[in-house]
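1. Pasting the sequence and the predicted model now:
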Amino acid sequence: MPSSPFLRSISDYMRVRGYSLRTIKSYLYWIRYFILFNNKNHPGEIGARQVEAFLTYLAVDRHVSPSTQSAALNAVAFLYNRFLDQPLGDMGQFSRPTRQRKLPVVLTTAEMTGLLDNLSGVRSRLTSSRPGRTSARFSRNSAMPTSRRPRSIPMCSDRAPTG
């Protein structure tokens, strides 16, 4: 239960309207964080510029993920639009975090050869082409050795169809 009468009233408002407990807990966290960010000023006294500053702070200084910033935005938007009945208006100017693109890891032919040469055990025997050891051939369309490919199971024709 929130210790602040203001946060308690938000919690009661959300419970009466059937919000899930997880949503209530998340929204109260972000609303509390927003109030603390604004030096404990009442949200009714601050406007859209402070909301933009808060969301920009989360993205730039705290380096939160886009989904985290969206959760904070939804909580603050709920506070203003539903609870305080003071719509924020256009909020398009705050900084949104971007997901960093991940580069694929690709090994060169020499690196793959060195990796395969250092394998031991069953995988070594499957990939080895040295004489006297098991050699596996790979098809162009599959990374699975052709000798290990699962075979189709023939249907038994002597059974009567059930139905």
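-> Yep, it's here. Residues are numbered from 1 along each chain as shown.
2. which helix is the longest one in this structure?
-> Ranked by residue count, the top helix of the chain under DSSP state H comes out as helix 21-37.
3. From the contact counts, what lies against it?
-> Using 3 or more CB pairs under 8 Å, 6 or more residues apart in numbering; DSSP states H and E as the contact test, the elements touching helix 21-37 are helix 5-16, helix 48-60, helix 66-78. Bear in mind the C-beta positions are built from the backbone N, C-alpha and C, glycine included.
4. okay, these in TSV with mean pLDDT next?
-> Converted to TSV, the helices and strands packed on helix 21-37 look like this (pLDDT from 0 to 100):
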stretch	mean pLDDT
helix 5-16	94
helix 48-60	90
helix 66-78	91
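5. mean confidence for the longest helix of the chain?
-> In this model, helix 21-37 carries a mean pLDDT of 95.
6. What residues sit buried inside that helix?
-> Within helix 21-37, the residues that qualify as buried are 24, 26-28, 30-32, 34-35, 37, counting by 16 or more other CB atoms under 10 Å.
7. for these, which one is nearest Ala72?
-> Lowest distance from Ala72 to the buried residues of helix 21-37 (CB to CB) belongs to Trp30, with 4.5 Å.
8. if we can go back for a sec, dump the buried residues of helix 21-37 to a markdown table, plus distance to Tyr57.
-> Converted to a markdown table, the buried residues of helix 21-37 look like this (distance: CB to CB, whole Å):
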| residue | distance to Tyr57 |
| --- | --- |
| Ile24 | 24 |
| Ser26 | 18 |
| Tyr27 | 18 |
| Leu28 | 19 |
| Trp30 | 13 |
| Ile31 | 15 |
| Arg32 | 15 |
| Phe34 | 10 |
| Ile35 | 14 |
| Phe37 | 7 |
